[in-house]
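*Asks:* next one to model:
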Amino acid sequence: MMRSIRGRLLVLAAVWLGAALLAAFLVISNLLDDFVTDRFDAETRAAADSLIAGLEVGADNRIAVATPPADARFGLPFSGWYWQVAADGRAVARSPSLLDGRLQGPPGSYAGRPGRGADGAHLRVSRQELTIPDSDARVAVTVTAPADEIRASLRQIRRPLAISLAILGLGLAGGTVVQVAVGLRSLDSLGTDLRRVREGRTHRLPLPDVSELRPLTAEINAALDQNATLLARSRRHLGNLAHSLKTPLAALANDLPGDHRGQALIARMDRLIGWHLRRARAAQPATLGQRTAIAQVIDDILIVLRHPMADKGMTARILDPAAAAADFFGERQDLEEMIGNLAENAVKWGRSCLVFRISAGQGRVLIAIEDDGPGLAETDAPRALIRGARLDETGPPGAGLGLAIVADLAALHGGELRLERAPTGGLAAILDLPGSIRDATRAG
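*Replies:* Numbers count the residues shown, from 1 in each chain. As a prediction, this is how the structure comes out:
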């Protein structure tokens with residue numbers, strides 16, 4: 001079953017157009033057949049009437065033709081144009097074209113009946129029977145026309161008819177293609193507008209010019225608004241839940257002495273609550289129509305990390321000059337969560353440098369956060385993305401949750417997180433996300 005609307009319309013139009021042109025050809029061809037055969041029948045009847053008008057009865061009661069038809073075709077041997085006058089079944093006069101032949105056929109008067117000549121050629125026969133005054137003889141006047149000549153005349157008419165209908169069909173087919181293309185242009189524009197919403201270039205769909213698509217566009221805009229409203233409400237609830245859970249824990253931690261063994265349990269509960277809240281946020285649907293400048297997010301994160309980096313004497317660099325114009329197709333909070341976790345992890349394990357490499361193409365952006373720390377073995381990379389997994393229990397403090405959260409958020413946006421070895425020897429955490437280089441109009 002064809003799944004293209006354009007294809008279905010074109011196929012249906014082609015079937016209907018072909019059937020209509022074929023029917024038109026058959027109808028017109030039949031009308032022309034009748035016209036041509038009627039013309040030949042009219043000629044044979046006229047010749048018969050001329051023969052009847054010229055019949056004479058001699059003194060010996062013999063019937064003769066005083067004035068035979070002057071048409072030269074009746075003088076050409078075996079031309080198919082024949083005439084014959086018979087009295088009481090005996091031929092009394094015939095056209096020179098018959099030579100010694102004789103026309104035979106069923107009795108009675110008729111016109112346009114098929115027959116055969118003396119040479120076996122197909123003929124179209126007209127016959128009239130009558131009685132001449134002053135004579136008791138029954139006279140039969142027979143005139144024929146060649147069927148091959150009739151068919152040749154029909155072919156000469158049908159050929160230009162077929163060519164004309166073929167040209168008409170090509171014109172109508174071209175018009176149908178243009179009509180379908182123009183008619184579906186609004187659907188193509190709607191798809192382009194939806195892509196602009198997904199890429200964050202706009203937040204709503206403009207109303208189309210055609211009235212048939214306006215209800216659909218209104219419903220899509222309503223769904224976008226509802227999505228944004230539900231997401232904002234869910235995030236408020238998560239914020240309220242975080243506040244209601246963390247505030248009692250903070251109060252409990254302040255009330256207990258610093259060396260109390262309950263402090264470790266409180267810290268663990270705080271990490272678990274934070275992870276579950278982040279996990280719940282990552283499971284929420286992304287808001288459509290968002291676009292975030294990657295360089296701005298990196299700058300803000302580096303401001304937050306400036307003190308830990310200064311304590312270790314680390315520096316940060318953004319190597320790709322296109323990074324200033326690279327955008328992520330999603331919300332800023334999600335990008336901050338992903339890059340922030342990875343950058344914080346790089347600062348924890350790195351020794352002297354933090355490197356950001358950004359590239360974009362074909363609707364994707366690659367953000368690599370690299371450090372010069374100990375890195376990961378190739379076999380350890382998959383385990384590092386498992387929730388709660390820690391490959392080095394003696395390393396910097398943490399719950400082993402950050403990488404899992406980043407992987408969840410990346411997957412939510414149709415991307416992925418990969419862990420590889422960096423050129424500096426440390427870890428390269430690579431985010432593959434939807435995005436692009438910002439165009440000049442937007443950049444301005």
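
*Asks:* quick one, strands of this protein?
*Replies:* Along the chain, the stretches classed as strands by DSSP state E are 55-57, 63-65, 82-87, 90-94, 110-116, 122-131, 138-146, 292-293, 315-318, 326-328, 353-361, 364-371, 416-421, 427-437.

*Asks:* in the chain, which spans are helices?
*Replies:* 5-53, 147-198, 214-255, 262-282, 294-304, 306-312, 332-349, 381-384, 402-412, 440-443 (DSSP state H).

*Asks:* mean pLDDT lowest for which of these?
*Replies:* Here the lowest mean pLDDT among these goes to helix 440-443, at a mean of 43.

*Asks:* count the neighbours of the residue nearest to residue 313 when sequence neighbours are not counted for me.
*Replies:* Nearest residue to residue 313, sequence neighbours excluded (CB to CB, 6 or more residues apart in numbering): residue 352, at 6.4 Å. Any C-beta I mention is one placed from the backbone N, CA and C, and that applies to glycine too. Residue 352: 13 surrounding residues under other CB atoms under 10 Å.

*Asks:* with residue 126 instead?
*Replies:* 26.

*Asks:* look up how far residue 231 lies from it.
*Replies:* Per CB to CB, to the nearest Å, residue 126 is found 91 Å from residue 231.

*Asks:* residue 147: how many residues sit nearby?
*Replies:* Residue 147: 20 surrounding residues under other CB under 10 Å.

*Asks:* quick check: it touching residue 112?
*Replies:* No - between residue 147 and residue 112 there is no contact under CB atoms under 8 Å: 10.7 Å.

*Asks:* spit out the residues that contact the two alike.
*Replies:* Shared contacts of residue 147 and residue 112, defined by CB atoms under 8 Å, 6 or more residues apart in numbering, comprise residue 124.

*Asks:* dump the residue contacts of residue 101.
*Replies:* 82, 94, 117-119.

*Asks:* what's the closest of the residues you listed to residue 17?
*Replies:* residue 117 (44.1 Å; CB to CB).

*Asks:* next, the closest one: phi, psi?
*Replies:* The phi and psi values for residue 117, taken as degrees, to the nearest 10, are phi -90, psi -180.

*Asks:* next one: residue 4
*Replies:* phi -100, psi 130.

*Asks:* can you list the domains in the chain?
*Replies:* Domain assignment of the chain by automatic domain parsing yields the ranges 5-153, 199-289, 290-444.

*Asks:* tell me the most buried of the ones you listed?
*Replies:* Stretch with highest mean neighbour count among the domains of the chain: domain 290-444 (a mean of 17; mean count of other CB atoms under 10 Å).

*Asks:* and it, how far from the chain's centre?
*Replies:* Chain-centre distance of domain 290-444: 39 Å, with CA atoms, centre = their mean, to the nearest Å.

*Asks:* ok, residue 434 to residue 409 distance?
*Replies:* 13 Å.

*Asks:* repeat that for residue 85.
*Replies:* Applying CB to CB to residue 85 and residue 409 gives a distance of 107 Å.

*Asks:* and if you look at residue 422?
*Replies:* For residue 422, the distance to residue 409 equals 22 Å [CB to CB].

*Asks:* can you check residue 433 too?
*Replies:* 9 Å.

*Asks:* and for these two, which residues touch both?
*Replies:* In contact with both residue 433 and residue 409: no residue, using CB under 8 Å, 6+ apart.

*Asks:* sorry, back to before: now for the contacts of residue 101, which pair is the farthest apart?
*Replies:* 94 and 119 (14.6 Å).

*Asks:* related to what we said a few turns ago, closest one to residue 136 among the helices of the chain?
*Replies:* Sorting the helices of the chain by CB to CB, the top spot, which is the nearest, belongs to helix 5-53 at 17.3 Å.

*Asks:* relative to residue 300, how far out is residue 141?
*Replies:* In terms of CB to CB, residue 141 sits 112 Å off from residue 300.

*Asks:* thinking again about what came up before, out of the contacts of residue 101, which one has the weakest pLDDT?
*Replies:* residue 118 (75).
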